[in-house]
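Peer 1: Whatever this is, show me its structure:
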Amino acid sequence: MTVMSKLVPEWMRSYKPAWLTGDLIAGVTLAAVAIPETMGYTSIAQTPVITGLYTILFPTVVFALLGSSRLLVVGADSATAAIMAAGLASLGIAGLTPNSAEWVAWSSLVALICGGLLILARLFRLGFLGDFLSASVLIGFLTGVGIQVLTGQLPEMLGIPKGSGNWFEQQWHTITHVPAANGWTVAFAVGTLAIIVGSRMISRAVPGAVIAVILSIILSNALDAKAVGVAVIGPVDGGFPAIGLPQGINLGDVPTVLGIALSCFFLIIAQSAATSRSFAMKHDQRVDINRDIVGLSGANIAAGLTGTFVVNGSPTKTEILDEQRGRTQLANITMAVVVLIVVLFLTPYLTNMPTAVLAAIVFMIGLGLLDFTGLARIRAARASEFLIACLTAITVFGWGVEQGIVLAVVLSILELVRRAYSPKDFLVGENEDGTPKFTPATPGSESLPGLLVFRFDARLFYANASLFVDDILELAKTAPTPVRWLVLDCSSIGDIDYSASLNLAGLIKTLHAENRIFALAAVDPTLMADLQRYGTLDDFDNAHIYATVGEAIEGFRADIPR
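Peer 2: Modelled structure (predicted):
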């Protein structure tokens with residue numbers, strides 16, 4: 001394959017003319033969903049409405065040309081928008097206010113830094129960092145974002161001022177000011193919710209949000225809604241986005257928002273990779289995550305250079321594209337073309353759209369992020385992961401999205417360490433028919449009279465090595481029959497570090513001093529090479545190394561005194 005052909009996306013190289021009609025229709029349908037959604041995301045990002053449309057213009061096209069995934073839709077995302085907005089609000093920069101040109105410039109800087117971090121992730125193969133956001137943590141995080149997003153829209157839907165303070169204080173303010181709600185504003189919000197829900201009940205292909213936007217604009221003009229106290233969007237500066245570096249920002253400002261960008265980076269890696277993989281598996285396709293990282297990097301750089309905010313792979317919009325039988329990124333390019341038409345020619349019609357309509361659209365987006373079914377599944381599967389998911393969710397809406405993403409990563413790593421430190425231990429024995437039998441390695445148990453076959457289900461490293469030795473010695477001490485042989489089943493020990501090798505060597509010496517035989521079974525070549533390099537087996541009888549646990553048990557039986 002030539003260099004030039006490698007630069008061409010795989011979906012272009014294998015494109016079939018029969019897909020064209022389906023891709024074009026899917027792209028137009030996706031635009032009908034994405035346009036009002038991305039406009040709504042600006043209320044989360046606290047940027048002008050037009051910036052939401054810009055996220056599905058150049059960023060979408062750049063990913064389509066650079067990425068690997070055939071279906072992944074890249075654009076504004078509620079979670080990354082929330083991280084960015086919360087982070088900028090916490091900076092305390094004098095004069096930095098939401099929806100201002102300066103706010104947009106800082107938002108674009110965050111997108112540019114995210115693009116740079118993604119380039120570094122590709123160069124140094126750091127895509128695995130996204131794996132530190134476990135599924136349970138991600139569910140808890142997105143549920144927390146959903147609660148924060150939907151509750152944040154209530155003041156706009158009621159036509160009352162938004163409260164200040166933390167999340168709990170803001171909700172109390174909303175509750176106590178409900179009597180002051182504007183009836184017309186509530187009517188627009190409720191009507192929008194009814195149209196969206198009703199459309200979904202008919203078919204997901206019906207663009208309920210677009211219908212609500214069009215009807216609200218017609219009614220707002222006919223009723224002169226602004227005159228009766230209904231807040232409207234006001235003039236929208238449409239047109240082609242200005243291309244260039246953010247105005248008023250310099251290189252020295254990068255460290256100020258690096259933490260915000262890192263939080264967005266982690267979520268982009270985790271969410272986009274999971275979405276790409278799931279849809280590729282569904283259609284038996286291959287996806288190159290490293291190339292997707294390049295595409296996401298280019299998309300965020302494009303966002304930063306065209307006056308908008310961070311973009312991410314969208315699971316919901318990707319699912320819509322899949323349901324509409326879109327086959328390739330041509331559908332996303334079609335969506336971008338439709339958006340360009342709206343940006344160039346139709347933005348004047350948005351002036352009198354009630355803000356309550358956008359708030360209701362975002363409210364439904366937040367509602368969609370709540371995954372109580374997923375939380376219930378986690379609770380049924382593992383209580384510790386459910387607790388982590390709940391803590392993450394509460395931190396996100398109670399204290400902040402950026403704090404939530406940091407806690408999510410930390411808790412994921414702690415859970416990983418906890419499992420590695422204290423894995424499941426088993427004693428391996430035999431059933432009457434000769435098949436292996438696994439029982440928990442509890443004191444007072446044995447594999448066979450005089451035999452312990454110990455299975456440790458984790459790599460051995462400095463943190464769990466002492467526990468490993470203590471557990472084995474306790475089993476030998478409390479076994480019903482004096483232990484003559486102890487066999488270590490290494491089939492689940494894929495690696496051992498130097499510190500753990502010293503503990504293992506000490507265990508071997510202790511067992512030999514007690515006139516017990518120590519044996520190894522199912523040792524893979526890499527592990528054996530490590531043990532020999534560390535000198536762990538210098539005082540070990542190689543005659544007691546067996547290919548399988550079954551062979552080790554036969555060796556024990558052959559050694560039983562007659």
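
Peer 1: And the helices in the stretch 451-562 of the chain, which stretches?
Peer 2: Listed in chain order, the helices of the stretch 451-562 of the chain (DSSP state H, counting those that start in this stretch) span 465-478, 498-513, 525-534, 549-558.

Peer 1: Relative to residue 336, which of the ones you listed is closest?
Peer 2: Counting by Cβ to Cβ, residue 336 lies closest to helix 525-534 out of the helices of the stretch 451-562 of the chain; the figure is 48.4 Å. Heads up, the C-betas are built off the backbone N, CA and C, glycines and all.

Peer 1: Check which helices and strands that closest one is in contact with.
Peer 2: helix 498-513 (3 or more Cβ pairs under 8 Å, 6 or more residues apart in numbering; DSSP states H and E).

Peer 1: Just name the shakiest helix or strand of this protein by mean pLDDT.
Peer 2: When the helices and strands of the chain are scored by mean pLDDT, DSSP states H and E, helix 3-7 comes last with a mean of 59.

Peer 1: could you point out which element follows that helix?
Peer 2: helix 10-13 (DSSP states H and E).

Peer 1: Check which helices and strands that following helix sits against.
Peer 2: Partner elements for helix 10-13 (3+ Cβ pairs under 8 Å, 6+ apart): none found.

Peer 1: Would you mind identifying the next helix or strand past that helix?
Peer 2: Using DSSP H and E, the helix or strand that follows helix 10-13 in sequence is helix 20-45.

Peer 1: ok, residues contacting stretch 239-257?
Peer 2: By Cβ atoms under 8 Å, 6 or more residues apart in numbering, the surrounding residues in contact with stretch 239-257 are 54, 57-58, 87-88, 91, 93, 101-102, 104-106, 108-110, 112-113, 304-308, 343-344, 347.

Peer 1: Specify the stretch among the helices of the stretch 451-562 of the chain that is closest to residue 275.
Peer 2: helix 525-534 (33.7 Å).

Peer 1: so how many other residues sit close to residue 463?
Peer 2: 15 (other Cβ atoms under 10 Å).

Peer 1: Then residue 17?
Peer 2: 6.

Peer 1: now the strands: where do they sit in the protein?
Peer 2: Using DSSP state E, the strands assigned to the chain run over residues 73-75, 312-314, 425-430, 436-440, 451-456, 485-489, 517-521, 545-546.

Peer 1: Of those, give the one that comes closest to residue 392.
Peer 2: Comparing the strands of the chain under Cβ to Cβ, the one sitting nearest is strand 312-314, at 18.1 Å.

Peer 1: okay, the helices of the stretch 451-562 of the chain in TSV with mean neighbour count and mean pLDDT next?
Peer 2: Listed next are the helices of the stretch 451-562 of the chain as TSV, based on neighbours: other Cβ atoms under 10 Å; pLDDT from 0 to 100:
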stretch	mean neighbour count	mean pLDDT
helix 465-478	17	94
helix 498-513	17	93
helix 525-534	14	92
helix 549-558	17	92
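
Peer 1: for the ones you listed, which one sits closest to residue 491?
Peer 2: Per Cβ to Cβ, nearest to residue 491 of the helices of the stretch 451-562 of the chain: helix 549-558, 7.6 Å.

Peer 1: got the angle between that closest one and strand 451-456?
Peer 2: 160 degrees (axes from the mean of the first three to the mean of the last three Cα atoms, to 10 degrees).

Peer 1: Format the helices of the stretch 451-562 of the chain as CSV; extra columns: distance to residue 164.
Peer 2: Formatted as CSV, the helices of the stretch 451-562 of the chain follow (distance: least, Cβ to Cβ, whole Å):
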stretch, distance to residue 164
helix 465-478, 50
helix 498-513, 52
helix 525-534, 59
helix 549-558, 65
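
Peer 1: Which one of the ones you listed lies nearest to residue 378?
Peer 2: helix 465-478 (26.5 Å).

Peer 1: In contact with residue 500, which residues?
Peer 2: 460, 461, 462, 464, 465, 468 are the contacts of residue 500 under Cβ under 8 Å, 6+ apart.

Peer 1: Mind picking the two most distant members of the residues you listed?
Peer 2: Using Cβ to Cβ, those span at most 10.9 Å, a distance reached by 462 and 468.

Peer 1: Out of the strands of the chain, indicate the one that is most buried.
Peer 2: Comparing the strands of the chain by mean neighbour count (mean count of other Cβ atoms under 10 Å), strand 73-75 ranks first with a mean of 31.

Peer 1: what does that one rub up against?
Peer 2: By Cβ under 8 Å, 6+ apart, strand 73-75 touches 30, 34, 38, 55-56, 59-60, 63, 67, 272, 295-296, 299, 311-314, 317-318, 320-321, 332, 335.

Peer 1: try 6 Å
Peer 2: 38, 55-56, 59-60, 63, 299, 311, 313-314, 317-318, 321, 332 (Cβ atoms under 6 Å, 6 or more residues apart in numbering).

Peer 1: repeat for stretch 352-359
Peer 2: Counting by Cβ under 6 Å, 6+ apart, residues outside stretch 352-359 touching it are 40, 43, 153, 156-157, 185, 188-189, 192, 216-217, 220-221, 225, 230-233.

Peer 1: filter those to the buried ones?
Peer 2: 40, 43, 153, 156-157, 185, 188-189, 192, 216-217, 220, 225, 230-233 (16 or more other Cβ atoms under 10 Å).

Peer 1: so of these, which ones are in helices?
Peer 2: 40, 43, 156, 157, 185, 188, 189, 192, 216, 217, 220 (DSSP state H).

Peer 1: what's the fourth one in contact with, if anything?
Peer 2: So that's residue 157. Contacts of residue 157 (Cβ under 6 Å, 6+ apart): 189, 356, 359, 360.

Peer 1: from the residues you listed, which would you call buried?
Peer 2: Buried among those by 16+ other Cβ under 10 Å: 189, 356, 359, 360.

Peer 1: Mind checking which of those land in helices?
Peer 2: Per DSSP H, the buried ones among the contacts of residue 157 map to helices at 189, 356, 359, 360.

Peer 1: show me where pLDDT drops low in the chain?
Peer 2: Along the chain, segments meeting pLDDT under 70 span 1-6, 130-132, 541-542, 562.

Peer 1: which one's the longest helix in it?
Peer 2: Using DSSP H, we find that the single longest helix of the chain is helix 254-282.

Peer 1: Residue 104: how many residues sit nearby?
Peer 2: 23.

Peer 1: Enumerate every residue touching it.
Peer 2: Contacts of residue 104 by Cβ under 6 Å, 6+ apart are residue 47.

Peer 1: what's the spacing between it and residue 307?
Peer 2: According to Cβ to Cβ, to the nearest Å, residue 104 stands 6 Å off from residue 307.

Peer 1: if we can go back for a sec, Serialize the strands of the chain to JSON lines and add fields for distance to residue 392.
Peer 2: Output for the strands of the chain, formatted as JSON lines (distance: least, Cβ to Cβ, whole Å):
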{"stretch": "strand 73-75", "distance to residue 392": "25"}
{"stretch": "strand 312-314", "distance to residue 392": "18"}
{"stretch": "strand 425-430", "distance to residue 392": "29"}
{"stretch": "strand 436-440", "distance to residue 392": "31"}
{"stretch": "strand 451-456", "distance to residue 392": "30"}
{"stretch": "strand 485-489", "distance to residue 392": "36"}
{"stretch": "strand 517-521", "distance to residue 392": "41"}
{"stretch": "strand 545-546", "distance to residue 392": "45"}
